[in-house]
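S.K.: Sharing a model prediction with you, sequence too.
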Amino acid sequence: PSKSELSQWQGIGISLAVLIGGFVVYHLLCLSPLAKSPWVLALVLLVLIAWLAYALGATISDRAAYLHVGALIGTCMAANVFFVIMPGQRKMVASIEAGEKPDPKYAIASKLRSMHNNYLTLPVLFIMISNHYPMTYGHDQAWLVLMAIILISAWTRHFFNLKHKGVIKPSILVSAALATV
């Protein structure tokens, strides 16, 4: 009530609009020509998440805004597996079993969605436990804090992605630690 007087149904409506509408926008962007430029797509998605965090923070409590952003990201991650990655894998396996050459579009779409899921793992984990850190959502610019956390934790995940390839870059962890401080 300190930000806006919403009825219970209005709050539920906002929640559903964020989850459903957010996934639809994300899915359509992943199907758009932007998907051919993963870094451009990632930048567009980050701008949209920042806008959403700001808009939600102006409408509902910052704590609730964090949870809604986290729920949207988690929903997109689960939907990536359910609607894109697993069906694509099934179609490729069926093609191979039928002695046909698999359509590469399924592998390309799955790779993009898997990359998103990979880099969003740590941000979602933090958002899930953010309730225990009121210094983040209690900040005057909570949406900026949330974006910083998303970027820092995705950057940290990049360290582990490189490590799995045999490339060790401690500078990534050092810069992530400094950014956190």
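M.R.: Perfect, I can see it now.

S.K.: pLDDT value on the residue located most distally from the centre of the chain, please?
M.R.: Distance from the C-alpha centroid of the chain, by Cα atoms, centre = their mean, peaks at G99 (36.7 Å). Model confidence at G99, expressed as pLDDT, equals 96.

S.K.: do S2 as well
M.R.: Value for S2, per-residue pLDDT: 76.

S.K.: Please give the three-state secondary structure assignment for it.
M.R.: At S2 the chain is in coil, as set by DSSP: H, G, I helix; E, B strand; the rest coil.

S.K.: what's the distance between the residue nearest the centre of the chain and F159?
M.R.: The centroid of the chain falls nearest to I73 when counting by Cα atoms, centre = their mean (4.0 Å). Taking Cβ to Cβ, to the nearest Å as the measure, I73 falls 20 Å from F159. No exception for glycine: its C-beta is placed from N, CA and C like everyone else's.

S.K.: quick one: low-confidence parts of the chain?
M.R.: By pLDDT under 70, the chain has no low-scoring segment.

S.K.: give me that answer again for 90
M.R.: Along the chain, segments meeting pLDDT under 90 span 1-5, 131.
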